[in-house]
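> Pasting the sequence and the predicted model now:
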Amino acid sequence: MSKGEKKATYFTKLRELFDEFKSVFVVNVDNVTSNQMHQIRASLRKEAVILMGKNTMVRRAMKNFLAEIPELEKLLPYVRGNIGFVFTNSDLKTVRDKVLANKVAAPAKAGILAPCDVFIPAGNTGMEPGKTSFFQALGVPTKITKGSIEIINDFHCVKKDTKVGPSEATLLNMMKISPFTYGMTVIQVYDEGNCFPATVLDIDNDTLLKQFFSGLSSVAAVSLVLNYPTLASVPHSLINVYKKVLAVSVETEYTFPSSEKIKAFLADPSAFAAAAPTASSDAPAAAAAAAPVEEEEDSDDGGDFDLFD
C-alpha cells in the first residue's frame, strides 16, 4: 500500500469513528510503553476505540471534516504534542477511569520534567561510606552508622514541574527509587459538540443541583428587586401578590373563599383555640398527676388546734 493510500485509509477510518462515536477523549501518551498501550486497549475492548496518528495528518483530516462537522474545530487546538484519541459511546467517567488506571513506575531520568515532588526518606541506605560524595553533591545530610551511609532527615530531591538533574537521577537510581508513574492522561473531552476539561467529570449530581439552585435563587432575587418577571421569580411574585390581596380583604368588606377563614379567625380566635389538639389541654392534667403530692401534716395532737390559743 502506497503512502497516499495509507493516508486515505486513515482519513476514512477517522471519519467513520467521528460518525460512530459521540464522545472523544484527547489523551497524552508521553512515556507510555507499547505494552501499556496493549493493556489499555484490552481493558477498553467493547467500550472504546483508541486511534493514534501523526498530528499533521490528524489536523489535515479534521479540517476536511469541518464542512460537515463544524464542531470539530473546538478539538483542533488540542492536537499537539504526543496525543491520541479515545472514541466511546459509554459512560465517560467509567472510560476515563479505565484510561487512567494503567500506570507503571519509572525511574528518574536526567532532563525529564518531574510530574511530582520527590523526597528521599531518612534512614540507613545500606551504601558503603565511599559513596558519600554522591550525597554531598546534592547537600543531603548524612552520617556513617555501622559502616554504612545514613540519611539524617528527609531530603526534597526534586521539585514538581522542574527538570531532573544528572546528579539527582544518578542518586535516585543508586538507591533504586522509581519516583514517577507514567500512563495515559486525559487532556480534553469532546462530547456531542461540546469541549471541556476532564475535571468536569468529577462533579457529582449533588454538586450540580446545589449550584443550579444557588443560581436560581440569585436570578429570582435580582428579578424581584428589578421588578422584571422571569421563570425563577414568577412563583415568588404570585405569592407576594396573594399576600397583598389577603391583606386588602382583611381591611375591607371584600371577601373571597381563601380569606374567609382568616377573617373568621380574627373575629373569634377562641373558636379556633377550642379546635386545637386535645393533647395540649390534657398536658396540665397529666403534669398534675405526675407531680409529687405533698403529705398533709398529722393532727394527732388535736384536730382543733389554734395558733392563737
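Alright, I've got the coordinates. Values in this document were obtained by computation on a predicted structure and should not be read as measured data. Numbers count the residues shown, from 1 in each chain.
> Doesn't residue 156 belong to a strand?
Yes: counting by DSSP: H, G, I helix; E, B strand; the rest coil, residue 156 is part of a strand.
> Skip the chain neighbours and tell me the closest residue to it.
Distance criterion Cβ to Cβ, 6 or more residues apart in numbering; nearest residue to residue 156, sequence neighbours excluded, is residue 119 at 5.7 Å. Every residue, glycine included, has its C-beta placed from N, CA and C.
> The protein: helices as residue ranges?
3-20, 34-43, 55-65, 92-101, 132-138, 166-174, 205-226, 234-251, 257-267, 269-274, 278-290 (DSSP state H).
> ok, now how distant is residue 123 from residue 148?
Computed as Cβ to Cβ, to the nearest Å, the residue 123 to residue 148 distance reads 11 Å.
> With residue 249 instead?
Using Cβ to Cβ, residue 249 is found at 94 Å from residue 148.
> More neighbours: these two, which one.
Between residue 249 and residue 148, counted using other Cβ atoms under 10 Å, the more crowded position is residue 249 (17 against 13).
> so who does the residue lying closest to the more buried one once chain neighbours are set aside touch?
Nearest residue to residue 249, sequence neighbours excluded (Cβ to Cβ, 6+ apart): residue 259, at 3.9 Å. Residue 259 sits next to 245, 246, 249, 250 when contact means Cβ atoms under 8 Å, 6 or more residues apart in numbering.
> repeat that for 7 Å
246, 249, 250 (Cβ atoms under 7 Å, 6 or more residues apart in numbering).
> can you check residue 145 too?
residue 124.
> ok, what's across the strand from it?
When bridges are called by DSSP bridges, residue 145 pairs up with residue 148.
> Quick check, pLDDT for it.
Looking at residue 145, its pLDDT is 88.
> Distance of it relative to residue 127?
From residue 145 to residue 127 the distance is 11 Å (Cβ to Cβ).
> picking up where we left off before, my guess is the residue nearest to residue 156 contacts residue 151. True?
No: between residue 119 and residue 151 there is no contact, the gap being 10.5 Å when judged by Cβ atoms under 7 Å.
> quick one: which of those two has more around it?
Remark: of residue 119 and residue 151, residue 151 carries more neighbours, 18 against 13, as counted by other Cβ under 10 Å.
> mind checking pLDDT for residue 296?
As predicted, residue 296 sits at a pLDDT of 45.
> quick one on the thing from earlier: and the helices of the chain as a markdown table, adding distance to residue 82 and mean pLDDT?
Listed next are these as a markdown table, based on distance: least, Cβ to Cβ, whole Å; pLDDT from 0 to 100:
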| stretch | distance to residue 82 | mean pLDDT |
| --- | --- | --- |
| helix 3-20 | 17 | 90 |
| helix 34-43 | 12 | 91 |
| helix 55-65 | 9 | 92 |
| helix 92-101 | 15 | 91 |
| helix 132-138 | 31 | 86 |
| helix 166-174 | 21 | 88 |
| helix 205-226 | 33 | 83 |
| helix 234-251 | 53 | 84 |
| helix 257-267 | 70 | 78 |
| helix 269-274 | 78 | 67 |
| helix 278-290 | 75 | 49 |
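> Tell me which of those helices approaches residue 86 most closely.
When those are compared for distance to residue 86 using Cβ to Cβ, the nearest one is helix 92-101, at 6.1 Å.
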